[in-house]
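Novice: Quick one, structure for this:
(one chain, ligands or ions: 1)
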Amino acid sequence: EQATKGNFPHFMLKEIHEQGTAVKETLMSISTDPRVKEVLELLEGRVVVVAAGTSLHAGMVFSYALGKLLGKDVILLDSSEAYHLEKLLKDTVIAISQSGETYDTLKAVRIAKRNGAKVIGVVNVLGSTLDREADISLYTRAGPEIGVAATKTFLSQVTLLLYLVSRMSGVELKDPHLLVESSIRKSIGYARSLAERLKEKQSMFVLGTGASLPIAYEGALKIKEISYVHAEGYPAGEAKHGPIALAEEGFPVLIAWTPEDEEKLQVAKEEFASRGSEVYWVGPRGDIVAPESDWLHLPFTITPPFQLLAYYMAVLKGYDPDKPRNLAKSVTVH
Ligand code: G6P
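Specialist: Sure thing, here's the model as predicted:
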């Protein structure tokens, strides 16, 4: 086990650093995959996405991009809730799952198949149950992910899904792996020092808007999973409808930048800062510096800083980020 970590103290840090390669390989593979033609035809119709955990956040990136660029409405269902709405599981269902073994996702897939839907699996583990049961599988090429907290598989899923969006919309996906690599280089030092300041906090918000909202949710999930600090992703403009009640001296708020509406983020910042909250930005001119990008490429620039922040918070608190308590890499029970 030690040997495969290479020079890294933990698998999670190694896998964060492997993201450039994972994204590059996934893009190369999907852009030459003959199955894409049929998938694009299916995507012209009604589309439902089911996924859990980090994979659900990749689904959010996909549905946001399709809505924004094409006005296409994708129904996004959390796998564990999907069976309540089983009549929705028809036409084309995309199931996103790193492991291909998540019980709730497979349950939704089986209902969908019973309803006569075409199931497209987006999966990282070849030969997994989802890979076998889906009508068509598309593969992320992240390689094995050992750390329980998903990192490189998330950006690989995002790459694959945004590639489909780019084929549908004609908007080009440009060198995402270079953005990921530059993001890690730029943000790692800042992420570590902010982790020093945040590690003793009990609770925090991670605010986003537009394209940064799924990343705010994913960042908050990473922080919870491995540093055991309560972190809640929230839409920046919605925070005034309740969450602001928690603002007080020293209460931390992280803001995930997007070029789409900086003013809205600035307003949210003021609302919290004026009540004594500590507000930290993750973005090009932020407290954690990430590269500039347009909204479509934002997952590649904004995700790594949150992963690194969560990683260092866990490590500085003495926790093993690779094996967080109470969590399994793949949840095969309901
Ligand atoms: C577990 C893992 C998460 C993962 C989720 C979905 O909860 O701890 O990291 O995102 O399952 O897994 P899947 O394999 O379906 O993507």
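
Novice: Now do the contacts for whichever residue of the chain sits closest to the ligand.
Specialist: Here the residue of the chain nearest the ligand is Gly53; by CB to the nearest ligand atom that distance is 2.6 Å. Placement of C-beta: from N, CA and C, glycine included. If a contact means CB atoms under 8 Å, 6 or more residues apart in numbering, then Gly53 has Thr102, Ala150, Leu221 as its contacts.

Novice: Secondary structure of the last one: a strand, I assume?
Specialist: No - with DSSP: H, G, I helix; E, B strand; the rest coil as the criterion, Leu221 is assigned helix and is not in a strand.

Novice: give me the number of residues near the closest residue to it other than its chain neighbours?
Specialist: Leaving aside its sequence neighbours, Leu221 sits nearest to Thr54 (CB to CB, 6 or more residues apart in numbering; 6.6 Å). For Thr54, the neighbour count with other CB atoms under 10 Å is 21.

Novice: Now render the contacts of Gly53 as a markdown table, adding pLDDT, distance to Asn124 and neighbour count.
Specialist: Formatted as a markdown table, the contacts of Gly53 follow (pLDDT from 0 to 100; distance: CB to CB, whole Å; neighbours: other CB atoms under 10 Å):
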| residue | pLDDT | distance to Asn124 | neighbour count |
| --- | --- | --- | --- |
| Thr102 | 97 | 12 | 28 |
| Ala150 | 96 | 9 | 28 |
| Leu221 | 98 | 18 | 23 |
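
Novice: and the ligand, which of those reach it?
Specialist: Intersecting the contacts of Gly53 with the contacts of the ligand gives Thr102, Ala150 (criterion: CB under 6 Å from any ligand atom).

Novice: re the thing from before, what residues does the residue nearest to Leu221 make contact with?
Specialist: Counting by CB under 8 Å, 6+ apart, Thr54 has contacts Gln98, Ala149, Ala150, Thr153, Phe154, Glu218, Leu221.

Novice: Show the contacting residues for the first one.
Specialist: If a contact means CB under 8 Å, 6+ apart, then Gln98 has Thr54, Ser55, Val123, Asn124, Val125, Thr140, Ala142, Glu145, Ala150, Thr153, Gln157, Ser330 as its contacts.

Novice: Compute the distance between it and Lys222, please.
Specialist: 14 Å (CB to CB, to the nearest Å).

Novice: Nearest residue to Val122 in space, ignoring adjacent ones along the chain?
Specialist: That would be Ile96: by CB to CB, 6+ apart, it lies 4.4 Å from Val122.

Novice: next one: Leu213
Specialist: Pro235 (5.8 Å).

Novice: what sits opposite that neighbour in the beta ladder?
Specialist: Taking DSSP bridges, one obtains Gly208 as the residues bridged to Pro235.

Novice: that older thread, quick check: the residue nearest to Val122 is in a helix.
Specialist: No - applying three-state DSSP, one finds Ile96 to be strand, outside a helix.

Novice: So what sits opposite it in the bridge?
Specialist: Residues in beta-bridge contact with Ile96 (DSSP bridges): Ala51, Val122.

Novice: Was I right to think it contacts Gly59?
Specialist: Yes - under the criterion of CB atoms under 8 Å, Ile96 makes contact with Gly59 at 5.4 Å.

Novice: which residues does Asp78 contact?
Specialist: Per CB under 8 Å, 6+ apart, neighbours of Asp78: Val50, Ala51, Ala52, Leu56.

Novice: Cheers, nothing more for now.
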